[in-house]
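Engineer: what's the 3D shape of this:
(chains A and B)
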Amino acid sequence: MAEETKPGGETPAAGAKPEPPKKAAPVMQVTPWEGPLVDALKEHFGTQIKEFSVYRNQSFLVADLAAAIPILEYLKLEQEFDYLVDITAVDYPKKEKRFEVVWILYSFARNERIRIKADVAESESPATAVGVHIGADWLEREVFDMFGIKFEGHPNMTRILMPDEWKGYPLRKDYSIIQQDQEWVRENLKIESAQ
Amino acid sequence: MAAGATFLDTNEIVLNMGPQHPSTHGVLRVILKLDGETVRGCECVIGYLHRGVEKIAENRTYKQFAPYVDRMDYVAAVSNALGYCLAVETLGAVEVPERAQAVRVILSELNRIASHLLWLGTHALDIGAITPVFYCFREREEVLKIFERYCGARLTTHAFRIGGLEYETYDAFEKDCITFCDWFDKKVDEYEELLTTNRIWVGRTKGVGIIDAAKCKEYGVTGPVLRAAGVKWDLRKAQPYSGYEKYDFDIPVCHNSDTYDRYIVRMQEFRQSVRIIRQAVDSLPQGPIMGKVSKVYKPPIGEAYVSIEAPKGELGYYVVSDGSVQAYRLRIRPPSFVNLQALDEMCRGSLIADVVAIIGTIDIVLGEVDR
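Structural biologist: Numbers count the residues shown, from 1 in each chain, chains lettered A, B, ... in the order given. Here you go, the predicted model:
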């Protein structure tokens, strides 16, 4: 996680030189997350949830991918986490499972915000959350658009911000900041390069 | 003939609205499915203004990226900056001095007024009332003048820095704010006189674009739309940031969840913002305006999600740090993007002319939808 994966040499930012990779990779300094909610989740999902942690007063849990949607459903129906704030992903190309999908939830009744994280391999398709929260529709489409993670069972898994025919997933770490779909640019904008 | 159709049914007509259409507030394309004049469904096509802000964030240092957030919701640049600074400060556990916090609150509330004024003017213009837009822009000008005097810019202000403020307030800052508040209170009365009981206004907005509280929560809709549906929820009260807990103000709520109620909620928010500005100016503490932040800002490895009550709803930043000078990942949760998703739900069953009113009432800025 500590290793730099920025596209080398192409970043025009001043002072943005990649650091030399550290030897013992430092990790996030988390404290354990405890409480009745954690107990209930442990009872329900057992070993499917691997970690309960707090960082900067923000609680999050790391779960198996298969358990993610059941957890969302359980939290919505039984624990009043009725507002899906956001779905997003983070790309760690060097990890065995390259993506980390993040669901952010909020409960109006409890005034509490939690995050659910799950690792997703490039070949895996997480299940859609649309059946639990309708609002997941566009959020998942954006994750697909930017990272190429396909959500299984989504009613309309198409690009949302980028052009439909665009090739490549811009927010992946191996997609350079100046990279573009040359063919698309040539065909649609009638110019050699958009740079 | 399709199942359930009768002999008199007409074919469904597909109508493209936008992307170049004055009342879609930018480059939004809405594909309407019509049965006569009734909307049966709609689909939004967005992305025309996509600039890859999140990608840029991964390739700039934390400080270099700060001006970019102003370009998302460009009518509420100060709020964007506040959310970004708070998120990055949370990640690095930076303490912001009290004076800086208070000035941030004042400028953010002024920006909320400016944003709502632009909304009111253009929304009324869309519906056919041409007068309010002139008044709204006149008042908005005064807010922009305060911004200009404070930091030299009117729209994309880059007013805040990580750790506090770059500039001390100018000499007549407090006086300008109070003068504006005194003057603006009366102006809100004027708008209300023009519109609140205006028969045409009421006719065009009452019962239009209804979305109830349960649906709002399912879609993740926040801000004035949620409050007009009877949910008394405002992040400034629910999870106060930047010292909002020190000020006395109310959360305006309405219960009919239609376009008219959203108008009423925003009119009340004008008055509440004025209340907050007055208190913040009166109790403006002295002291430093910049916290302890190293020149090369490197938050430790970790992640944080911080959100604020922007004029349009919950604006959140999810920042992941790998311990370097750049964000490893920066996700922006824009209120406009999420709120716009409910357009289909709000439009179904209404008339074409109402679609214009409904797009206006959600209050979107395409710069933020597309990023």
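
Engineer: can you show me the strands along the stretch 201-350 of chain B?
Structural biologist: B:302-310, B:313-321, B:327-333 (DSSP state E, counting those that start in this stretch).

Engineer: out of those strands, nearest to residue A:160?
Structural biologist: Minimum separation from residue A:160 across those (Cβ to Cβ) falls at strand B:327-333, 14.6 Å. In short, each C-beta sits where N, CA and C put it, glycine included.

Engineer: returning to what we had before: could you dump the strands of the stretch 201-350 of chain B to TSV with mean neighbour count and distance to chain A?
Structural biologist: Output for the strands of the stretch 201-350 of chain B, formatted as TSV (neighbours: other Cβ atoms under 10 Å in any protein chain shown; distance: least, Cβ to the nearest Cβ, whole Å):
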stretch	mean neighbour count	distance to chain A
strand B:302-310	25	5
strand B:313-321	25	6
strand B:327-333	24	4
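
Engineer: so what's the residue count around residue 133?
Structural biologist: Picked chain A for this. The tally of other residues near residue A:133 (other Cβ atoms under 10 Å in any protein chain shown) stands at 25.

Engineer: actually chain B
Structural biologist: Residue B:133: 18 neighbours (other Cβ under 10 Å).

Engineer: try the one 4 residues further on
Structural biologist: When counting by other Cβ under 10 Å, one arrives at 14 neighbours for residue B:137.

Engineer: spatially nearest residue to it, not counting backbone neighbours?
Structural biologist: residue B:121 (6.0 Å; Cβ to Cβ, 6 or more residues apart in numbering or on different chains).

Engineer: the lengthiest helix in chain B packs against which elements?
Structural biologist: Longest helix in chain B, counting residues (DSSP state H): helix B:98-127. If you count contacts as 3 or more Cβ pairs under 8 Å, 6 or more residues apart in numbering or on different chains; DSSP states H and E, helix B:98-127 packs onto helix B:77-92, helix B:131-151, strand B:164-165, helix B:173-195, helix B:199-205, helix B:259-282, helix B:352-362.

Engineer: circling back to that earlier point, who's in contact with the residue nearest to residue B:137?
Structural biologist: Going by Cβ atoms under 8 Å, 6 or more residues apart in numbering or on different chains, residue B:121 touches B:132-137, B:140.

Engineer: so residue B:14 lies in a strand, does it not?
Structural biologist: Yes. Counting by DSSP: H, G, I helix; E, B strand; the rest coil, residue B:14 is part of a strand.

Engineer: pull the contacting residues for it.
Structural biologist: Contacts of residue B:14 by Cβ under 8 Å, 6+ apart are B:31-34.

Engineer: okay, it: pLDDT?
Structural biologist: Note on residue B:14: pLDDT of 86.

Engineer: distance of it from chain A?
Structural biologist: Residue B:14 sits at a distance of 17 Å from chain A (criterion: Cβ to the nearest Cβ, to the nearest Å).

Engineer: so what sits opposite that residue in the bridge?
Structural biologist: residue B:33 (DSSP bridges).

Engineer: so how far is stretch A:148-161 off the chain centroid?
Structural biologist: 14 Å (Cα atoms, centre = their mean, to the nearest Å).
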